[in-house]
Structure formats: structure tokens, C-alpha cells
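Predicted model and sequence below, questions to follow.
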Amino acid sequence: MKIYITRHGQVAPKLFVGSVDYPTGDIPLTELGQSQAVCLGKELKKRGFSGKILSSPYRRTMMTANLAADGCDAPIYPDGALREMFFSDEAGEAFIGMDLDTLRTLFPHVAPDAELPHPWWTTQADTRPDLIARLAVFWDGVLASGVDEVLMVGHGASVFGSMAYMNKKFGLGLPEDLQALGDFQATRNLNCNLSCIETDTAGQLVSARLFATDHLPDDLLTSNTNPLPRPTEICL
């Protein structure tokens, strides 16, 4: 099994605060972010990706997933477990997410058999343990499904929670302390970076390549509004 993990393309939150076009918290990719997602799709095609794309239902993640799917012709399955964290109850109460019909209208690669209960988010603030518990249930289900390949398109938070799960499950050698893990990822979890964790038929780790950015040119290396130098990827 090959498990691919990526973060959405660049967004510029300050450009969209108070916009009448986008609900609070559900902002789109910038043009640069769209270019990053196109590069991601080309990389997946180059690798012969033929699996499912599992995406957070946010606009920025679905835009990333759909542009990547243009390159590799993969179906998208939105999943609320991959949603962003709310750092306050007020943020959760103000959020307005899209339903499945809206997602199908905007993103043609959404799979015909996709399901998405609405609302797919909660209004309470999240903690890191909450996030990790949510992602553990998600990934337990994916690993038990028997699929050959999946790509997860998430946020900084859902990549963090996924890496915490994979680190515990497969012994990737990442920091186990949550603060240390967050600090470790801060300069590596760039927009549209790509991690790949491969397991054998017994579910044992075969290889891992984490936070790769070689599919992105230098001028597309960002963490949202912040340009970042190319990080050293981790290979196991």
C-alpha cells in the first residue's frame, strides 16, 4: 500500500477577510497555490498514481485535490475527518462549510459514490489530542480498507495529526512529543509537499519519503504567505 500525504496549496487569508464571495474560514487558493496543485498532479501522474484522493471538504483542499486530479484522473472523496482545527468555539460557530451537492458542482472529480454528511464539522474548539484521535480513526479505516494507493489532501493540522499517527504506527523516527513534532514540521510542511509511506501486504513499513518538494520549483516553495527554503526530505 502507498499512502500519500499532502497539504493544500497556498492561500493568502488576509486577502479574503470579510469577502462576500467566500464564507468565513473557507478561502480559495491563490494563483500560486493553484500552480502548486498542478505540479502535484503532474508528480502523481509521473508516479503512476491510480488510487483515491481523500480530501478535507474545505474550498482550499478541494481546489488542490481537483487540480491534482486533473493531472492523474483520480476520484475525490471528501471526508470531514480531515477538516481544519478550530482554535476557538467562536471560529467553529462562524464557519460555513459546503455540502456535497455544492462540492460536486464546483469540483468535477468528486466521485459519484462519495458521501458526506452535513454538517461535517463541529462547532467546538479542537485540541491536538482531539485532532490526533480523529485522524487515528480515519487512518485505521483507510488501512483496513485494503486499497492499494491513497492521497490525503489536508491542512497543516491534518498533516500534523496524520504524521503523529504514522509515526506511532510505523516508527518513522519523528519526534513523539507533540510540541516537538509541531516545531519539526514547521519548516517542512510546505504547501503541496508530498510524503509517501509504503507498506507490504502484512502492513509492515517498506519505505518512507517525507516532506518531498522536488516536484515544486524554487519560486513555489511556500507555507501560505511565507516563502521558505527547500527543506531536507526524510527517507527511510
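Sure thing, it's come through. Numbering: from 1, shown residues only.

Pull out the buried positions in the worst-scoring helix or strand of the chain on mean pLDDT.
Within the chain, judged by mean pLDDT, DSSP states H and E, the helix or strand with the poorest mean is helix 89-94; its value is a mean of 89. Buried residues in helix 89-94, counted by 16 or more other Cβ atoms under 10 Å: 91-92. In short, each C-beta sits where N, CA and C put it, glycine included.

what's in contact with it?
With Cβ atoms under 8 Å, 6 or more residues apart in numbering as the test, helix 89-94 has contacts from 24-25, 86, 121-125.

what about burial for the residues you listed, which qualify?
Buried subset of those (neighbour count, 16+ other Cβ under 10 Å): 25, 86, 121.

Looking at these, which one is closest to G48?
When the buried ones among the contacts of helix 89-94 are ranked by distance to G48 (Cβ to Cβ), W121 comes first, at 34.0 Å.

Verify the contact between that closest one and R83 for me.
Yes. With contact defined as Cβ atoms under 8 Å, W121 counts as touching R83 (5.4 Å).

any common contacting residues for the two?
G97.

Output the contacts of helix 89-94 as a markdown table; include the columns pLDDT.
Shown next, in a markdown table, are those (pLDDT from 0 to 100):
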| residue | pLDDT |
| --- | --- |
| T24 | 66 |
| G25 | 74 |
| F86 | 91 |
| W121 | 95 |
| T122 | 92 |
| T123 | 91 |
| Q124 | 91 |
| A125 | 92 |
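
Select from those every entry located in helices.
Among these, no member falls in helices (DSSP state H).

The residue nearest the centre of the chain bridge partners, please.
Nearest residue to the geometric centre of the chain (Cα atoms, centre = their mean): G154, 1.8 Å. G154 has these beta-bridge partners by DSSP bridges: R7.

residues in contact with it?
5-8, 55-56, 61, 82, 162.

what's the answer for A180, then?
Neighbour list for A180: empty [criterion: Cβ under 8 Å, 6+ apart].

and it, how far is that from A186?
To A186, A180 is 11 Å away according to Cβ to Cβ, to the nearest Å.

Please enumerate the helices of this protein.
31-46, 59-72, 89-94, 100-106, 128-144, 156-170, 178-186.

any residues touching stretch 131-144, and which ones?
So stretch 131-144 is contacted by 1, 3, 54, 79, 81-82, 85, 150, 157-158, 160-162, 164-166, 169, 178, 203 (Cβ under 8 Å, 6+ apart).

Repeat that for stretch 225-236.
10, 12-14, 172-174, 187-188, 190, 193, 205, 207-214, 218, 221-222.

So which of the helices of the chain is the most surrounded?
Comparing the helices of the chain by mean neighbour count (mean count of other Cβ atoms under 10 Å), helix 59-72 comes out on top with a mean of 25.

can you tell me how far the residue nearest to the centre of the chain sits from S55?
8 Å.

Kindly report the same for Q179.
Q179 sits 28 Å away from S55, taking Cβ to Cβ as the criterion.

got it, and N66?
9 Å.

repeat for H8
Look at H8 and S55: by Cβ to Cβ, they are 9 Å apart.

Please name the nearest non-neighbouring residue to D70.
Excluding the flanking residues, the one nearest D70 by Cβ to Cβ, 6 or more residues apart in numbering is G41, at 5.6 Å.

Right, I'll call it a day here.
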